[in-house]
Each structure stands twice: as structure tokens, then as C-alpha cells.
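Asks: Let's see this in three dimensions:
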Amino acid sequence: MSVTSKRKFVGLMGLSLSVLSLPGHAIAQGNQGTSSEGRSAAADSQIEDVVVTARRLEERELDVPIAMTVATAEQLDVQGAADITALQRTTPNLTLQVSRGTNSTLTAFIRGIGQQDPLWGFEPGVGLYVDDVYIARPQGAVLDVFDIDRIEVLRGPQGTLYGRNTIGGTVKYVTRRLDDDPMLKLRGEFGTYSEFNGIVAGSTPVSEHFRVGAAVARHSRDGFGKNLTLDKEHANRDSLAGRVTAEWEPSDTLFFRLTADSFRDDSNINNGHRETPVFPTGAPPLDSVYDTLSGIGYKGRVRTNGVSLTGQWQASDTLTLKSITAYRDGDTSGDGIDFDGLPQPYFDIPGFYKDSQFSQELQAQFDFGNVSGVLGAYYMDSSAAGAFHAVLGLLGFTQTTSGNVDTESVALFGDANIDITERFSASVGLRWTRDDKDGTVFKANYAGVGVPGANANPFAVLTDYTNQRSYSEVTPRLSVSYKVVDDFNLYAAYGRGFKSGGFDMRGDASVTPATMNGYNPEIVDSYEAGFKSFLFNNRLRLNAAAFHAKYKGQQVTTQVPVGTSAVSFVDNAGESRINGAELEGTAQLTDWLSANFAAGYIDAKFDKYASFVPGAPANGFICIDDAPSPPSAIGCYADVSDLRVFQNTPEWSGFFGLHIYHDLSSSGRLDVNANISFRSSVNLFETPIPALDQKGYELVDLSAVWTSENEHWRVGLHGRNLFDKKYKIGGYNFPVPFFGNSVVSFYGQPRTAKVTVEYRF
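Replies: Modelled structure (predicted):
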């Protein structure tokens, strides 16, 4: 981190600490703002607790020995947040971004662990759940924020409480339960770049025991830039999302919920900004980072659909049985991504993805007073497939890669919390997971520039195999908690995370036959200690955690020897250690002013990164002993960990916000939020690339929302990225002539503003 960035971060945290030194602090329901309950509490300079379901039971967030951040619907609404990527600004050690080239594919990292490549062969490192249903693929996973209750971000491995094991952490998207009374919400948003968004949500009881509801969100916006070659909008938005829900409670002990959802994204393809001079003329890059010269086309298409049925039966005062059945599918297609950013097809990649999943989860939740917890069984049958065509115009041929991965996963899990004394408790959990995977990969070269026809014959088949692998692991979790007083909880926890192995869909078996064997699972052992507290008569809420993780078998791209050179493929070549700390809180300074803050620090370093290095050891690299092959005349395997970094993981992240609440008596109330978020420098890949890596930056947001006295009307003005910072969130690096010397970056949203008008009853 630069000296300037350090000074800015120190200043930001100094302001937060100065807030804590003032008398009369209070804490709101998280670090993103103040909810409606928080506003009521603000009038009394006290804060009400927040109830979460992180451990599958309703309990105070303070009692949960897991580092977590909770954002309520009210908090996100007051901020003008459009989708779940807004949580990156306010949550420490979290990356939630739109993946390169898309508008709705999610890139997620928590505490340095995640998955950037959305290809169908790779497992995500961060689990995304919608109403306890695991979302297996990142396509279409940039979820719009509408008709929700809250979003919970759980940091660290999760597996003894959830259907699908996740190695880095979990994002829980919890939708709103239907009201007992009729409800209708109409919301319109009008903003810069001709933005128009409309949201309609409503529900009504049909009978005493049966309720139905529906919600629809339409988002439309012109592009932040232009495709100058095709004269089309670039980086625009055109999406539609909907959800239909029915709830049936035939008795006080029985509950059923049926939900169907659908998402459609017809936004134009985002082809990024070329950072290198135009090839081969040498003309400079375009002035606007949101413009492109791409000639591949502009149409994009994403579809996702899902249906789930949740049944819950309170069998007795001590036992509740729950079933979650779900099916989801999706497909992504369009004209493809232009990797060179030029009119000519030097390096264009059209492609498509398809996926489907069925899951069944059974839970037995028990509460015997001093002992409570959950036992569960999980089954998932999923399929992910796709194809992409690397059109290499300068070489005169097209390389097609296609394949699919079918996964059958079975798991048993359990977690119990034991109250040993009135203040001391322990939690123990265990999970067994087995994944069976069938992978098929085909890669071939076809003459000509363009997508091969159905009857085309390749002139070279590089990969053509089907293989099956099974992976199983037992992962424990242990924690202890001690309540110094009722509102100050100390805890320490250990958890093991597991990420399944798989097959490298890009692997070239003609030169690296080992790719057909697939790669093995990743394992992380995570240790954490922290506290959660309400202080000063519930006028300050402060949470802190420190963590250490040992990361083994990392699935990384490495080099292997082929002839007189080296080529890349995915293997378990990495080991690392991750240390860090987090601080979150909110302070009620007066009846009308509160401050929200968060800080995250992470030191993530590779201890081992085995890769073949041509010329070693003569060039100074030291050959390693446990190499896949012995040294040869052209080089040897060496540990290059000193030359590798963690991707999408800033060393520092921070947030500070002020919330002003003004009671206008019979004229309603006014809420004003002024926020600044900070991220230190970020590497987009595990190898530093100066042309792509992002320096530290700050984003400033401002919003003002008026709510009528009867809370039927709400009008807001929201500004995001007020100083119009340009910051990179993704990229591609192919700086060689036969790829058109392509170095392309994808940038976050520029300065935007919008007015929101909402009516509800």
C-alpha cells in the first residue's frame, strides 16, 4: 500500500476511533446504516438487537461465535443499493463484484478465498444461499436487492450448519416473509444514463392460513460508454427479475413455503477497455474506459429459473423437522467476449453455459434447554456444461473447447451448542461430504476464423476424454464462548473448510496428459478469536475478530514442462497462510446522529507455489525436491511463491459513514447518509500485472431519504461514487502479437445519481 493510501486509511480509522471516545454512543443493526428499528431506537439513544439465522436457529447476532455482517432491507434501501455487490463497500475483507465481461455473473472472495474464473469446471469458494437454497453457479448470481428481509455475510469456513460445504464463507440472501395483512409496494427510480427501474411487490392473505405474494423488478439503463465500431450502447443494463411465493400454515406447528423465481438479463456484452495501443497501428487507447472498439457483436443473454419448497413441522417443544427441496437451471449465451477490444477478430471468444441443479436437505433442529443445535442430511445432483470458441484471426484458425461436469454430492452434518454454565458455552460440529464427479472435455483446432459449423472436422484434436473422480472429507468445527456480561461475548473458534476437486476444462491433454486426472480438493484450517458487544447501556455495538488460516492444496494455474518450453494447467500447487483482523460497529452520537464504521486487514501470502521454470537453476531459482518430474536440460520445478500474490484481496479495506436522522413531526422524517469506503491496492491475478492491477482507491456515496409520517410515501436522492473514481474490477492479459497484444480491463461503475419514489401500504 502506498504512503498516501496508508495515510488515508489511518485517517479514516482515526475518525472511527475518535467517535468511540465520545460519550453516549450506540450501535445500530450492523455497519451499513440504520434500520427502521434503529431509527426508533435512535430516538431513545439505544439500540435493539438483531436476530439472525446463521446457525439455522433464530438467535441474537451477539450470541453467534461467527464473524458476520448483517445488512437489513431498510439499510440497503436507504443507501440506494441496487444489488448484493453493494455489500463490498461496507463489509471488511469481502469482495463481491460483477465478473469481467458480464453484468450478472458474480465474483466472490471472503478473507482471500474465492473463485474468479466462472468456467463450469470450477467450484465457488464462497457459498451463496437464497432462502437456504445453495446456488451452485455464479452466472446470474449478482442478485438484485428487492423484496428481501436481510443479507447475512458469514466469514470463514461453513459446513456443519449448511447444506453445501463452503471453504471461504457464506452469503445468505433472506427474502421477506409474507405479511398477515395485505401489502403493496410500488417503487420507481430515475437516474443518470437514462436509468429507469421499477419494482412492484405485494402480498395478501387468501384465507386465515394461506397467503400469496409476488415481486417484480425491472432495471434499464443506457451504457456508461459506446461500442464505437458497432454504434451500440456499452456497459448498459436491461434486466427483469421476478418471484412468486405462497405460504400455508395449516396449524401453529406446520408451515410450508413454495417459491418460484426467474431472472432475465439482456444487457449488452461488456467487452472492457483496452489498456495497450491499438494493434497493429499503434494508436493510443481510447480516452473513455467505458468505450470499446470491439467488433465481435454486442448481444448478451442470461436466464436463471428456480423453484423451492420448504416444509417445517414443530414436532414438539424440543424438536423441529425441516425439509428444503429445490431445483434451479440457467443458461448464458450471446455474441461472446472480445478479448482484444478491436474490430478485427484477433482474439474473440463466443461461448455459452448451461447448468441445472436439484437439491434436497433435511434438518432436525433440537432445543433441550442447555443443549441445542441441528442435525442434517444434504443431497445435490448438478450439471454444468458449456463451450467457447477462441477465434484467433492472426493465426487463421479457431480453437473450440467444450465439456460438462456432473456432480453428485451427499453430506451429513451436525452442530450442537452446549451451555456449560450460565455464561460459558461450547459448540461442536462435524460434517462428512462425498462428491462424485464425471467430467468430459473436448478441445480441438478448426481451420478458419469463426465458430465451427455442426459438421466441421478439426485438423487437430487436443483433448477428448471422460473421467470420473470421487472426493470425500470430514470437516469439524469447534467454538467456545464466554459472556463477561449479558451484552459482551468473547469467543474462539476453529473450523476446517473443504472445496471439492474437479477437472480443468481448459486443459490440453495433448501436451499435459496429467490434466485428464483432474485436480484434488482444497483444505483450509481456520482459527478465529473475537468479541461481540453492546456497551454503554446499549448505545454502542462493537464487534472485532482476529483470524489465522492454513490453506493447503490450492487449485492454481501452474506451469509444466513440454518439450523445450512450458505450458499452463490447473493443479494443486499452492499452500499459503492467511492472517487478519476485522472491526465493525456503529455509535449513536446523539438522538439524531450515528456513525457506522468497519475495518479489515489481511496478510495473505503463499508459502509454496510449485511451477516449472525454464532455465532453472541456472537463472537463480532453486529446484524443489518433491517435484512431479526431475530437473531436465531445459529447467526444473521451483518454488515461485515470492513471485505470487493473492487475487482480489486488498490488504486493507475500510468504511465510515454518518447517518443523520431528523424528525419532521407531522411532515415525516428525513434520513441522510454520507459514506466513504476504501480498498488498498488489489492484484487481479496471482501474478502481478502492473497494467491491470488496481491501486488503492476511495468511493464516496451520499443519500437523503424522506419518509412520510404514516410511512406510506418515501422519496430519496442517491449519489454513488461522487468523485467519479475509475477503478478496475477485472481484466485479461494476453500481451503477445498473435493475440493482438491484448491487455483489457473492466471498470467499476462511474459516478451515478438517481431519484427514488416509493409508495407502500
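Asks: CA atoms only: put the host helix or strand of Asp571 into PDB for me.
Replies: Assigned by DSSP states H and E, Asp571 belongs to strand 565-588. Extracted in PDB, the C-alpha atoms of strand 565-588 (Å, rounded to 0.1, in the frame of the first residue of the first chain):
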ATOM      1  CA  SER A 565       9.100 -24.800 -23.100                       C
ATOM      2  CA  ALA A 566       6.300 -24.800 -20.500                       C
ATOM      3  CA  VAL A 567       2.500 -24.600 -20.700                       C
ATOM      4  CA  SER A 568      -0.200 -23.900 -18.100                       C
ATOM      5  CA  PHE A 569      -2.800 -26.000 -16.400                       C
ATOM      6  CA  VAL A 570      -4.700 -26.100 -13.100                       C
ATOM      7  CA  ASP A 571      -3.200 -28.200 -10.300                       C
ATOM      8  CA  ASN A 572      -2.900 -28.300  -6.500                       C
ATOM      9  CA  ALA A 573       0.400 -26.400  -6.500                       C
ATOM     10  CA  GLY A 574      -0.200 -23.800  -3.800                       C
ATOM     11  CA  GLU A 575       0.000 -23.600   0.000                       C
ATOM     12  CA  SER A 576      -0.400 -20.400   2.000                       C
ATOM     13  CA  ARG A 577      -1.200 -18.800   5.300                       C
ATOM     14  CA  ILE A 578      -3.700 -16.000   5.900                       C
ATOM     15  CA  ASN A 579      -3.700 -13.700   8.900                       C
ATOM     16  CA  GLY A 580      -6.000 -10.800   9.500                       C
ATOM     17  CA  ALA A 581      -8.400  -8.800  11.700                       C
ATOM     18  CA  GLU A 582     -11.800  -7.100  11.500                       C
ATOM     19  CA  LEU A 583     -13.600  -4.400  13.400                       C
ATOM     20  CA  GLU A 584     -17.200  -3.400  12.900                       C
ATOM     21  CA  GLY A 585     -19.500  -1.100  14.800                       C
ATOM     22  CA  THR A 586     -22.000   1.800  14.900                       C
ATOM     23  CA  ALA A 587     -22.100   4.600  17.500                       C
ATOM     24  CA  GLN A 588     -25.200   6.700  18.300                       C
END
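Asks: if you average pLDDT over the helix or strand just after it, what comes out?
Replies: Next in sequence after strand 565-588, counting helices and strands by DSSP H and E, comes strand 593-614. Average pLDDT, strand 593-614: 95.
Asks: Pull the distance from strand 593-614 to the chain's centre.
Replies: 16 Å (CA atoms, centre = their mean, to the nearest Å).
Asks: Now the phi/psi pair for the nearest residue to Asn683 once chain neighbours are set aside, please.
Replies: Distances taken as CB to CB, 6 or more residues apart in numbering put Val645 closest to Asn683, at 4.6 Å, once the chain neighbours are dropped. C-beta: built from backbone N, CA, C; applies to glycine. Dihedral angles of Val645 (phi, psi; degrees, to the nearest 10) stand at phi -140, psi 170.
Asks: who's in contact with Val645?
Replies: 606, 683, 686-688 (CB atoms under 8 Å, 6 or more residues apart in numbering).
Asks: With distance to Phe368, secondary structure and neighbour count as added columns, please give those residues in CSV.
Replies: Formatted as CSV, the contacts of Val645 follow (distance: CB to CB, whole Å; DSSP: H, G, I helix; E, B strand; the rest coil; neighbours: other CB atoms under 10 Å):
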residue, distance to Phe368, secondary structure, neighbour count
Phe606, 46, strand, 22
Asn683, 49, coil, 18
Glu686, 48, coil, 20
Thr687, 53, coil, 15
Pro688, 54, coil, 13
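Asks: From these, pick the one nearest Ser500.
Replies: Glu686 (20.4 Å; CB to CB).
Asks: tally of neighbours for the spatially closest residue to the closest one that is not a sequence neighbour?
Replies: Nearest in space to Glu686, with sequence neighbours left out and distances taken as CB to CB, 6+ apart, is Arg644 at 5.0 Å. Look at Arg644: counted by other CB atoms under 10 Å, it has 23 neighbours.
Asks: Hmm, Lys608 and Arg644 touching each other?
Replies: No: counting by CB atoms under 8 Å, Arg644 does not reach Lys608; the two are 9.7 Å apart.
Asks: Residues in contact with both of the two, list them for me.
Replies: Gly574.
Asks: tell me the contacts of Cys636?
Replies: When contacts are counted by CB under 8 Å, 6+ apart, Cys636 touches 612-613, 616-617, 621, 623-624, 627, 630.
Asks: Next SSE downstream of the helix or strand harbouring it?
Replies: For Cys636, the element it lies in under DSSP H and E is strand 635-639. Next helix or strand after strand 635-639 toward the C-terminus (DSSP H and E): strand 652-663.
Asks: distance between that next one and the chain's centre?
Replies: Between the centre of strand 652-663 and the centre of its chain there are 23 Å (CA atoms, centre = their mean).
Asks: Return the list of helices and strands in contact with it.
Replies: Judged by 3 or more CB pairs under 8 Å, 6 or more residues apart in numbering; DSSP states H and E, strand 652-663 is in contact with helix 3-20, helix 36-44, helix 87-90, strand 593-614, strand 669-679.
Asks: pLDDT weak spots in the chain?
Replies: 1-47, 564-566 (pLDDT under 70).
Asks: any idea how far Ala549 is from the residue nearest to Glu686?
Replies: Distance from Arg644 to Ala549, counting by CB to CB, to the nearest Å: 17 Å.
Asks: And the helices in the stretch 401-550 of the chain, which stretches?
Replies: Read by DSSP state H, counting those that start in this stretch, the stretch 401-550 of the chain holds no helices at all.
Asks: Pretty sure Trp248 sits in a helix.
Replies: No: applying DSSP: H, G, I helix; E, B strand; the rest coil, one finds Trp248 to be strand, outside a helix.
Asks: Check the gap between the nearest residue to it once chain neighbours are set aside and Asn517 for me.
Replies: Once flanking residues are discounted, Trp248 sits nearest to Phe256: 4.6 Å by CB to CB, 6+ apart. Per CB to CB, Phe256 is found 45 Å from Asn517.
Asks: May I see the contacts of Cys636 organised as CSV, with distance to Asp671, secondary structure and neighbour count added?
Replies: Listed next are those as CSV, based on distance: CB to CB, whole Å; three-state DSSP; neighbours: other CB under 10 Å:
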residue, distance to Asp671, secondary structure, neighbour count
Phe612, 58, strand, 26
Val613, 57, strand, 23
Ala616, 61, coil, 20
Pro617, 64, coil, 13
Phe621, 58, coil, 19
Cys623, 63, strand, 15
Ile624, 58, coil, 17
Ala627, 61, coil, 14
Pro630, 67, coil, 9
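Asks: Need the max-distance pair from these.
Replies: Maximum distance among the contacts of Cys636 (CB to CB): 15.0 Å, for Phe621 and Pro630.
Asks: Alright, calling it a day.
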